[in-house]
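Chemist: what shape does this take:
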Amino acid sequence: MKTKSIIILFLVTFKIFSQESNAIKITDLELPNAPAFTLLDYSPTIISTPSTTQAFTLSLINSISSGNSGFPTDYALEFTPYWVFANKGRNLTDYVIKENQKSYSKPYKNLSFSLASVKKDTIQNISVGIRTNLVTVNRKNRQESIANLLLKLERFKEITDQQLTLNQNPYESGTAEYNKWNLDQINKLSKLEEYKKLTTEIYAVVDTLEASKPVFTADIATAYNHFFDENEFKSGRFGRYGAWLTLSANLKLSKSNNNYLTIYQYSRYLIDKMIYDTTALSYKKEKNLDLGAKVELQFNDFAIAYEYINRTNQKDNYRSVGNLKYKINERFTITGGFGKNFEKTDNLVSFLGISWGIANNNELDIVDK
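Modeler: Predicted structure coming up:
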């Protein structure tokens, strides 16, 4: 039988602990743009960081000016192995506490793979991408919050061990009398003033940890695109390959952990063979270096941003886009973008997208393994 104190906390709440896994549930997972989308410059924003992603994220993007029926025709699925396979290795000590004791991250924890399908005119694009976090510098107050959480959890164990004696249940396991006896014990414990105060404080500390952003992050990503013309499989050919680095710094705008000014720096190396040369009647190959920056203001679940990216080896070829993002809840995020994309013609950016976190296995075992 696992620790009694953790079982009790789950029975009183549905937000933090799980009875079956003795876990703290991370509810503030991000739903960012998949690299398989951003490689094609086909998303409300190109500059983003992986943060901590859900196990599976489905992104739907629709061009507002596309003239179609309005139903999204472009999709991306992002897959994070850590939240799917590392059930036995996930625990609070390893994932949260130890990570805050060093400035670098374990890349596999934020590693994600993505697959996207994008159709533009007669061209069908299939892209794959990978990304992860290299370096994260956490805030001092985050470390203090973790230490505070551990103290409160330890005190919680002491209270439940003193007040709860489920192993003394005199009835046969599984009977109505057995369940009623356990429930009476739990109800009695939940009425204790110290217990109620402590659980409220634990919620507050976890909320603080979830909302807190690091001081600095460095993230890398790479993606490949293969495209098909006129719905012909035999026409498939190399389209694009890109690799990029994103640096970000988060400045707190208030004592609250929900308001930030984030500044991004973006560098991308791009090999592009999707430009058709009407003179040579073939696709030409280009190598480009994109450099850009982004400024984002976040207020609680709403964020507004502006990004500018310059294609350095081409004159007057740049992307200038304003972004809006609203996080409906831990599962759904809506994003929008409007502005100018790369290229000199057909370069209007007018996207509306939604990201849906499909999986829910985002729990951390609280015991030290």
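
Chemist: where do the strands sit along the stretch 151-300 of the chain?
Modeler: 216-229, 237-252, 259-277, 282-299 (DSSP state E, counting those that start in this stretch).

Chemist: what's the closest of these to residue 85?
Modeler: Taking CB to CB, strand 216-229 is the member of the strands of the stretch 151-300 of the chain nearest to residue 85, at 21.0 Å. C-beta here means a position set from N, CA and C on the backbone, and glycine is covered the same way.

Chemist: check contacts around the nearest residue to residue 149 once chain neighbours are set aside.
Modeler: In this structure, residue 149 finds its nearest non-sequential neighbour in residue 205, 4.5 Å apart by CB to CB, 6 or more residues apart in numbering. Contact analysis of residue 205 by CB atoms under 8 Å, 6 or more residues apart in numbering lists 145, 148-149, 152.

Chemist: ok, residue 239 to residue 229 distance?
Modeler: Using CB to CB, to the nearest Å, residue 239 is found at 10 Å from residue 229.

Chemist: quick one on the thing from earlier: could I get the strands of the stretch 151-300 of the chain as TSV with mean pLDDT, distance to residue 187 and mean neighbour count?
Modeler: TSV is the format used below for these (pLDDT from 0 to 100; distance: least, CB to CB, whole Å; neighbours: other CB atoms under 10 Å):
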stretch	mean pLDDT	distance to residue 187	mean neighbour count
strand 216-229	93	45	19
strand 237-252	94	41	18
strand 259-277	92	39	16
strand 282-299	93	40	16
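
Chemist: restricted to helices, list the contacts of residue 205.
Modeler: Among these, the members falling in helices (DSSP state H) are 145, 148-149, 152.

Chemist: flag the shaky bits of the stretch 101-250 of the chain, pLDDT-wise.
Modeler: Low-confidence segments of the stretch 101-250 of the chain, defined by pLDDT under 70: 101-106.

Chemist: now do the helices in it.
Modeler: When assigned using DSSP state H, counting those that start in this stretch, the helices of the stretch 101-250 of the chain occupy the ranges 107-110, 140-163, 176-190, 193-211.

Chemist: adding distance to residue 349, write those helices out as a markdown table.
Modeler: Converted to a markdown table, the helices of the stretch 101-250 of the chain look like this (distance: least, CB to CB, whole Å):
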| stretch | distance to residue 349 |
| --- | --- |
| helix 107-110 | 27 |
| helix 140-163 | 35 |
| helix 176-190 | 53 |
| helix 193-211 | 30 |
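
Chemist: for those, which one sits closest to residue 260?
Modeler: Comparing the helices of the stretch 101-250 of the chain by CB to CB, helix 193-211 comes nearest, at 9.5 Å.

Chemist: just give me how far the closest one sits from the chain centre.
Modeler: Distance, stretch centre to chain centre, for helix 193-211: 23 Å (CA atoms, centre = their mean, to the nearest Å).

Chemist: would you mark the buried spots in stretch 200-217?
Modeler: Using 16 or more other CB atoms under 10 Å as the test for burial, stretch 200-217 gives 202, 205-209, 212-215, 217.

Chemist: run the chain-centre distance for that stretch.
Modeler: Relative to the centre of its chain, stretch 200-217 is centred 15 Å away, using CA atoms, centre = their mean.

Chemist: please apply the same query to stretch 293-303.
Modeler: That offset, for stretch 293-303, works out to 15 Å (CA atoms, centre = their mean).
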